[in-house]
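**Student:** Using only what follows, build the 3D model:
(2 chains, ligands or ions: 2)
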Amino acid sequence: MKLETLSRVRRAMNRVYEIITDTSLDYKDKRHLLAAEAENFLPYVKISEKAQNYFAEGILCDLFEGHAPYRPRYILPDYQKFMEKGSEYLNLKPPQDLFEAVNALLIIYRYVPSITSYPVYLGQVDELLEPFVLAAGEELSEKLLKMFLVQIDRVLPDGFVHMNIGPKDTRTGRLLLKLERELKQAVPNISLKYNEETPDSFAVEAVKTALEIGKPYFVNDRELKEDLDPAYGVASCYNTLLIGGGSFTLVRLNLKEAAKKARDFQDFIQNVLPDAVLAQAEVINARAKFIVEEAKFFETSFLAKEGLISLDRFTSMAGYFGLYECLEHLTGLKLGQDKEALYYAEQVLKTAKDTLKRVPGAYCNGTGGRIGFHAQSGIDSDIDVTPGVRIKYGEEPDIFTQIKTEGRLHKYFDTGISDIYIFDRTARENPEGVLKIIKGALEEGIRVFSFNTSDSEFIRITGYLVKRTDVLKYEKGEVLREDTVKLGAASIKNNNTEARKVRIIGERNSQ
Amino acid sequence: MRGIVNKIIEVSFIDGPGSRMAIFLQGCNLDCLYCHNPETKKYCQNCGRCVEQCPAGALTNLDGRVTWDKAICHGCDRCLEVCPHSSSPKTTLWEVEDLVAYILENEVFLDGVTFSGGECTLQADFILEVSHKLKEKSNLTVFVDTNCFLEEEKFLTLCQNIDGIMADLKAFDPVLHRKLTGVANELIFQNLNTASQLGVLYEVRTVLVPGLNDHPQEVKNIARFIRELNSYTLLKLIPFRNYGVKSYLKEAPNLPEEKFFELFEVATEILGSRVYGKYSI
Ligand code: SF4
Ligand code: SF4
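**Tutor:** Ligands and ions are numbered 1, 2, ... in the order given. So this is what the prediction gives:
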């Protein structure tokens, strides 16, 4: 054996041994990491030297997706079809009552691959279960839905597992919101698709729930339907993708690091940024092709064979982050504080998006043959760089200016963007007031509005939630069920998550 | 016309129904033992005392007028500490038109505005003009958070031109009221009646202070009074907390939670769900 190969083998063996003997990991985490180690023993999918350099410089990052991807990063099965047809592969007939429906969903969730190995999309659960819930009656439904939610939290303990409800008011939707408020679980993540048809009384229930446990998000249904597809879903953190489709991969570009290579703003817009975006697209396409052509995912997955997903509803995502620091570096302006910063911000996003849309996206039929444009929310290892196109935590202007600034930027992002607003606890006294602000925000162009209270037991990291108590347990060295707690704990330290400004100070000095 | 504004909070959840911009006006006519912001009591006399104390150089004295540069102020509140006149140099003069324009800029997020203070009715004419202009141009509602210690006729005009009153009733017992605030409460009751009859008495709020008005009889009297008034006014009970109290009662203990629940019960027996407490503790 060549010396080089030998040392690679040694390193891999050491790494495998480390994983197996790591006492901070439980069995399933180890299994997941070992699989990643095996994948990474293969060479990286073929990419140019230029792209490799961008990785080395920290401008591009594939979020540790692995060298040789063998499944799409995110998959959004068409669960409605599954409910109607059942599944031959799973030997399941279409469910006839609520027991069978809940059972069927809990079974199929275990068979949906993803980058985390957990299903990142649970479907429009209220719609899926509503006919069965209406037939089963209130009491039985409540009991079964509670077991359903508990099962999801215990068996799929990952903050990226994501359920959708709305925009219609349903018995099921109301029950789910009520139960979530009682159960106070970090999993699943929840999105409420919100539009003009969503009645206030239902939306207020959702606000009350969010003020307790930091979810659901409010999603701008009208805009996303128009921009993406009427049958879209929200998966993982806040990725907006097509139902029956998903995303092969997500490769992200650090705008802050890229900015450092430019002489000035013009140089950035004309040369540096387009060049980096092209390299990003190259990597994305190489990864997508590998999944389809070499790993032959679609030829082997029962989801595809049974029509629950189809290749023509997939896409890939190009993620962007660090816009705040990019602008600060190149123009000296602070987004949210300086009005002109918004002009430059739009220039950056337009340039990146136009460049990206010039390149055909391999198998990206879900977004018109082009790669999806995405605001990447940052990961635990990012230090001093602001997620997506948000305003740096602690530097936010007043809430109205913040919303209006970000509202202008959200329109560029067809495959996901969000922001987080922290209210003080007095918001709980007045959910109608919170709803008014959300409505205003969606009108101003915000696509995903997420909020929380400053005293909440739940912390929203970038897109997922963790419990404060779990973070403390993790820091004491306890092995935890939820793998997202590790990410969250590191993120809180590195990203200054807790510096987010409390946006609504209702508690005055006067009494 | 210009108003003297102490500060503006873009949106507040505790100053009336829905999402409201809270506009705090300078000046007060009561002298409450538990005042949290005595610096809102009086108008600045331009004595210049605070100017040299400002570590940021945010205050300047130009021809006997003290001005404040918000952009460089650190918010250390040193100026408030040294002011001998219960005032603040950090107020802003707002033209009616400018304030209306600022509110309307944020109309999509708001159900309305609430004037508070200090005692905002000292600048009732300013409120009336803003309200008038706002109603010409939007559906926003105007609420006023007041101690109701205002000349009857003026109070009537105010009530006829706004949408809601949030009234502070510091104590039911007249002796206790005088002790707590320095003034009698006869006029206040009179005005509460007026607001009630006009259908604008949205809420009465009472801070329960240990050893002073935390007596079940006090709470009973207030609740009964509201029950007699009408069928719609809410009662908000607020437990005293000494955090931020700068005057007489700054050493006083917080109202214990059990005590608060007990009094809350007393009021609820009379008014039912029309009683609510701070953050629903
Ligand atoms: S708070 Fe007052 S003393 Fe402090 S910097 Fe501002 S103006 Fe100056
Ligand atoms: S704020 Fe007080 S100390 Fe400063 S000039 Fe005015 S009255 Fe004098």
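**Student:** Can you get me the start-to-end distance on stretch A:154-163?
**Tutor:** End-to-end distance for stretch A:154-163: 15 Å, by C-alpha to C-alpha, to the nearest Å.
**Student:** Give me the residues contacting whichever strand or helix holds residue A:340.
**Tutor:** Secondary structure assigned from DSSP states H and E places residue A:340 in helix A:339-358. Helix A:339-358 is contacted from outside by A:253, A:255, A:265, A:268-269, A:273-274, A:277-278, A:280-281, A:318, A:320, A:323, A:326-327, A:330-331, A:333-335, A:370-371, A:373, A:389, A:405, A:408-409, A:412, using C-beta atoms under 8 Å, 6 or more residues apart in numbering or on different chains. (C-beta placed from N, C-alpha, C; glycine too.)
**Student:** Can you name the next helix or strand after that helix?
**Tutor:** Per DSSP H and E, the first helix or strand lying C-terminal to helix A:339-358 is strand A:372-375.
**Student:** Pairing partners for that following strand, with directions?
**Tutor:** Paired with strand A:372-375 in the same sheet, following DSSP bridges, are strand A:314-321 (parallel).
**Student:** packing partners for the helix or strand following the partner strand?
**Tutor:** Going down the chain from strand A:314-321, the next helix or strand is helix A:323-331, by DSSP H and E. Helix A:323-331 sits against helix A:255-259, helix A:339-358, with contacts defined as 3 or more C-beta pairs under 8 Å, 6 or more residues apart in numbering or on different chains; DSSP states H and E.
**Student:** how about a markdown table for these, with mean neighbour count and mean pLDDT added?
**Tutor:** Listed next are the helices and strands packed on helix A:323-331 as a markdown table, based on neighbours: other C-beta atoms under 10 Å in any protein chain shown; pLDDT from 0 to 100:
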| stretch | mean neighbour count | mean pLDDT |
| --- | --- | --- |
| helix A:255-259 | 24 | 97 |
| helix A:339-358 | 17 | 97 |
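**Student:** ok, back up a step: generate a ChimeraX selection restricted to the buried subset of the contacts of helix A:339-358.
**Tutor:** To isolate the buried members of the contacts of helix A:339-358 in ChimeraX, using 16 or more other C-beta atoms under 10 Å in any protein chain shown:
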select /A:253,255,265,268,269,273,274,277,278,280,281,318,320,323,326,327,330,331,333,335,370,371,373,389,405,408,409,412
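**Student:** thinking again about what came up before, now the helix holding residue A:340: how far from the chain's centre is it?
**Tutor:** Averaging C-alpha positions (C-alpha atoms, centre = their mean, to the nearest Å) puts helix A:339-358 22 Å from its chain's average.
**Student:** re earlier: and of the helices and strands packed on helix A:323-331, who's closest to residue A:70?
**Tutor:** Residue A:70 sits nearest to helix A:339-358 of all the helices and strands packed on helix A:323-331, at 25.3 Å, using C-beta to C-beta.
**Student:** tell me the angle the closest one makes with strand A:314-321.
**Tutor:** With axes from the mean of the first three to the mean of the last three C-alpha atoms, to 10 degrees defining the directions, helix A:339-358 sits at 150 degrees from strand A:314-321.
**Student:** Pull stretch B:51-63 out as PDB, backbone CA atoms only.
**Tutor:** The C-alpha coordinates for stretch B:51-63 follow below in PDB (Å, rounded to 0.1, in the frame of the first residue of the first chain):
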ATOM      1  CA  VAL B  51     -24.900  69.400  31.300                       C
ATOM      2  CA  GLU B  52     -21.400  69.100  32.900                       C
ATOM      3  CA  GLN B  53     -22.300  65.700  34.400                       C
ATOM      4  CA  CYS B  54     -22.900  64.000  31.100                       C
ATOM      5  CA  PRO B  55     -20.000  61.700  30.300                       C
ATOM      6  CA  ALA B  56     -20.900  61.500  26.700                       C
ATOM      7  CA  GLY B  57     -21.100  65.200  26.000                       C
ATOM      8  CA  ALA B  58     -24.600  64.600  24.800                       C
ATOM      9  CA  LEU B  59     -26.000  67.700  26.500                       C
ATOM     10  CA  THR B  60     -25.300  71.300  25.600                       C
ATOM     11  CA  ASN B  61     -26.400  74.600  27.000                       C
ATOM     12  CA  LEU B  62     -27.100  77.000  24.200                       C
ATOM     13  CA  ASP B  63     -28.300  80.400  25.300                       C
END
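**Student:** could you measure residue A:428 against residue A:204, distance?
**Tutor:** Residue A:428 sits 12 Å away from residue A:204, going by C-beta to C-beta, to the nearest Å.
**Student:** again with residue B:65
**Tutor:** Going from residue B:65 to residue A:204 by C-beta to C-beta gives 48 Å.
**Student:** who has more neighbours, these two?
**Tutor:** residue A:204 (14 against 10; other C-beta atoms under 10 Å in any protein chain shown).
**Student:** Check chain B for me, the residue farthest from its geometric middle.
**Tutor:** Largest separation from the mean C-alpha position in chain B: residue B:63, at 32.6 Å (C-alpha atoms, centre = their mean).
**Student:** Backbone dihedrals for that residue, please?
**Tutor:** Backbone geometry at residue B:63, expressed as degrees, to the nearest 10, gives phi 50, psi 50.
**Student:** circling back to that earlier point, in TSV, list the helices and strands packed on helix A:323-331 along with distance to residue A:249.
**Tutor:** Shown next, in TSV, are the helices and strands packed on helix A:323-331 (distance: least, C-beta to C-beta, whole Å):
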stretch	distance to residue A:249
helix A:255-259	19
helix A:339-358	14
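**Student:** Tabulate these in a markdown table, adding columns for distance to ligand 2.
**Tutor:** Formatted as a markdown table, the helices and strands packed on helix A:323-331 follow (distance: least, C-beta to the nearest ligand atom, whole Å):
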| stretch | distance to ligand 2 |
| --- | --- |
| helix A:255-259 | 43 |
| helix A:339-358 | 31 |
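**Student:** Go through those helices and name the closest to ligand 1.
**Tutor:** For these, proximity to ligand 1 was assessed by C-beta to the nearest ligand atom; helix A:339-358 is nearest, at 24.0 Å.
**Student:** Show residues contacting stretch B:124-139.
**Tutor:** With C-beta under 8 Å, 6+ apart as the test, stretch B:124-139 has contacts from B:1-3, B:25, B:96-97, B:99-100, B:103-104, B:107, B:113, B:115, B:120-121, B:140, B:142, B:144, B:150, B:154, B:157-158, B:161-162.
**Student:** Which of those residues fall in strands?
**Tutor:** Per DSSP state E, strands hold the following members of those: B:2-3, B:25, B:113, B:115, B:142, B:144.
**Student:** circling back to that earlier point, mind checking the helices and strands packed on helix A:323-331 for the one nearest to residue A:292?
**Tutor:** Ranking those by proximity to residue A:292 (C-beta to C-beta) places helix A:339-358 first, at 19.8 Å.
**Student:** residues in contact with the residue nearest to residue A:22 when sequence neighbours are not counted?
**Tutor:** Excluding its sequence neighbours, the residue lying closest to residue A:22 (C-beta to C-beta, 6 or more residues apart in numbering or on different chains) is residue A:30, at 7.2 Å. By C-beta under 8 Å, 6+ apart, the contact list for residue A:30 reads A:19-20, A:22.
**Student:** Need the buried ones from the residues you listed selected in PyMOL.
**Tutor:** Entered in PyMOL, the line below selects the buried ones among the contacts of residue A:30, by 16+ other C-beta under 10 Å:
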select buried, chain A and resi 19
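**Student:** just the contacts of residue A:30 now: which is nearest residue A:60?
**Tutor:** Set against residue A:60, the nearest of the contacts of residue A:30 by C-beta to C-beta is residue A:19 (26.0 Å).
**Student:** how near is that closest one to chain B?
**Tutor:** Separation of residue A:19 from chain B (C-beta to the nearest C-beta, to the nearest Å): 47 Å.
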